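Enquirer: structure for the following, please:
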Amino acid sequence: MTGGKQYNPGNHATVSFYRSFTDMLCMKGFTLTPRQVNELKKVHRQVPHRREADRIKAIVLLGTGWTLEQTAEALLLDTGALRRYVQTFQDGGIDALLLMAYQGSQPKLTNAQLHKLEKQLSQTIYLRAEDIARYVKETFGTDYTINGITNLLHRLGYTYKKPKTVPGKADALAQEQFVRKYKTLKKRKQPHDPIYFMDGVHPQHNSVAAFGWIKKGETKTIKSNTGRTRLNLNGVINAETHQVVIRHDETINAQSTLALFKMLEKKHRKAENIYVIADNARYYRSKVVKSFLVNSRIKLIFLPPYSPNLNLIERLWKYFRKVVLYNRYYETFAEFKERSLMFFATLREHKTALRTLLTDNFEIIAT
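Expert: Take a look at the predicted model:
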């Protein structure tokens, strides 16, 4: 019940409304009118954090006939905390109740020390909270427990997640130039001329463990395969219609690329030009491919080096892995191959997700 427009504690109209009835509350037997409950629920939908939401829920439950014990059990809180919520609500209204979420013990570090800590965290990705606690101890002489340093990190806006890997040699200027040329091409090309993004993908016949919802205290296992057999797919995706043309070959090379080009020419008989955007794989630049392109309607356009972020089909491959590979086990390679090819054959079933994913708003990577 959180999300949406955030509640502003400085809203004086809201403050005056709530303070008009907070005097009615007491620890025993207080009740809220339907209108008051509705207003509290409205604020509950607007607050951005769970702690704020729990405080509002406590007031609503206690004000609609629930006992302290029932409310404590439902919200997994102790009765002492609930008493403080009610007292705070009585003294200062909804503003004071919500501000409790941001109040705690006095910080052990000064503002200058916090600033230095944040600078360190921006430069170094720590794997363990205890390593950060050790840095704080060595740098500032201040002791933190693991829970304490974790709470501090949360207050500073940090969360535990993986960093995103990007090519170390990416050229931001070259990427920006490509995006400008791409936009110009979209405006000037003929209506029947498609623009495709091309790339190969080589999923391995093995299980890929990924994050998922697992009940606390339980361990889930996924079978794995001992082989290293790969499925070699070469494909293109239409930048406007999101139609996909996929080939499965024993290997992806110049010959398999030409076979894919011929499929595109057959598909677009009315097109004057068929634009294909690709990375700098060697077989795309081979003599065989160059010779074919001399008399072909295929116009091959190369991405800047180290720019997978500009290749639209990379997003399709990522989505394919998520749907077909993550947390799934295929006993035989034949079963794995069939399921992979079926995904592309039934791609229309994923059109809603892909419509959002495959926009040509490209991220520029600067290193």
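Enquirer: residues near residue 188, how many?
Expert: 8 (other C-beta atoms under 10 Å). Every residue, glycine included, has its C-beta placed from N, CA and C.
Enquirer: roughly how far apart are it and residue 181?
Expert: According to C-beta to C-beta, to the nearest Å, residue 188 stands 10 Å off from residue 181.
Enquirer: poorly predicted segments of the protein, please.
Expert: Scanning the chain for pLDDT under 70 picks out the ranges 1-30, 90-93, 95-96, 99-107, 367.
Enquirer: so what are the domain limits for it?
Expert: Under the assignment automatic domain parsing, the domains of the chain span 12-102, 111-155, 172-357.
Enquirer: in contact with residue 140: list those residues for me.
Expert: By C-beta atoms under 8 Å, 6 or more residues apart in numbering, the contact list for residue 140 reads 109, 113.
Enquirer: roughly how far apart are it and residue 152?
Expert: 12 Å.
Enquirer: between the two, which contacts overlap?
Expert: residue 109.
Enquirer: hang on, the earlier thing: distance to residue 164 added to the domains of the chain, as TSV?
Expert: As requested, these are exported to TSV (distance: least, C-beta to C-beta, whole Å):
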stretch	distance to residue 164
domain 12-102	24
domain 111-155	11
domain 172-357	10
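Enquirer: to residue 364, which of those domains lies closest?
Expert: Among the domains of the chain, the nearest to residue 364 by C-beta to C-beta is domain 172-357 (4.9 Å).
Enquirer: hey, where'd the helices end up in the protein?
Expert: 12-22, 34-46, 50-62, 68-75, 79-99, 111-123, 129-140, 146-155, 172-188, 254-267, 287-294, 313-320, 333-345, 351-357 (DSSP state H).
Enquirer: helices or strands up against the third one?
Expert: Which is helix 50-62. Judged by 3 or more C-beta pairs under 8 Å, 6 or more residues apart in numbering; DSSP states H and E, the packing partners of helix 50-62 are helix 34-46, helix 68-75, helix 79-99.
Enquirer: what sits up against the shortest one?
Expert: With C-beta under 8 Å, 6+ apart as the test, helix 68-75 has contacts from 27, 54, 57-58, 61-62, 66, 77-79, 81-83.
Enquirer: ok and it relative to helix 50-62, angle-wise?
Expert: 140 degrees (axes from the mean of the first three to the mean of the last three C-alpha atoms, to 10 degrees).
Enquirer: re earlier: of the domains of the chain, which is nearest residue 365?
Expert: If we rank those by C-beta to C-beta, the stretch that ends up nearest is domain 172-357, at 5.4 Å.
Enquirer: from the chain's centre, how far out does that closest one sit?
Expert: Distance, stretch centre to chain centre, for domain 172-357: 21 Å (C-alpha atoms, centre = their mean, to the nearest Å).
Enquirer: ok, now which ones touch residue 197?
Expert: Residue 197 neighbours (C-beta under 8 Å, 6+ apart): 236-237, 239, 276-278, 311-313.
Enquirer: just flag the most distant two among these.
Expert: Largest pairwise distance in these, by C-beta to C-beta, is 12.9 Å, between 239 and 278.
Enquirer: and residue 298, how many neighbours does it have?
Expert: Residue 298 has 23 nearby residues by other C-beta under 10 Å.
Enquirer: I figured it hits residue 274, correct?
Expert: Yes - assessed by C-beta atoms under 8 Å, residue 298 is found in contact with residue 274 at 5.2 Å.
Enquirer: quick one: common contacting residues for those two?
Expert: Common neighbours of residue 298 and residue 274 (C-beta under 8 Å, 6+ apart) are 264-265.
Enquirer: any idea how far residue 49 is from the residue lying closest to residue 256 once chain neighbours are set aside?
Expert: In space, and not counting its chain neighbours, residue 256 is closest to residue 249: 4.1 Å by C-beta to C-beta, 6 or more residues apart in numbering. As judged by C-beta to C-beta, residue 249 and residue 49 stand 52 Å apart.
Enquirer: neighbour count: these two, which is higher?
Expert: Neighbours were counted for residue 249 and for residue 49 using other C-beta under 10 Å; residue 249 has more, 16 against 13.
Enquirer: how about the contacts made by the more buried one?
Expert: By C-beta under 8 Å, 6+ apart, the neighbours of residue 249 are 232, 234, 256, 259.
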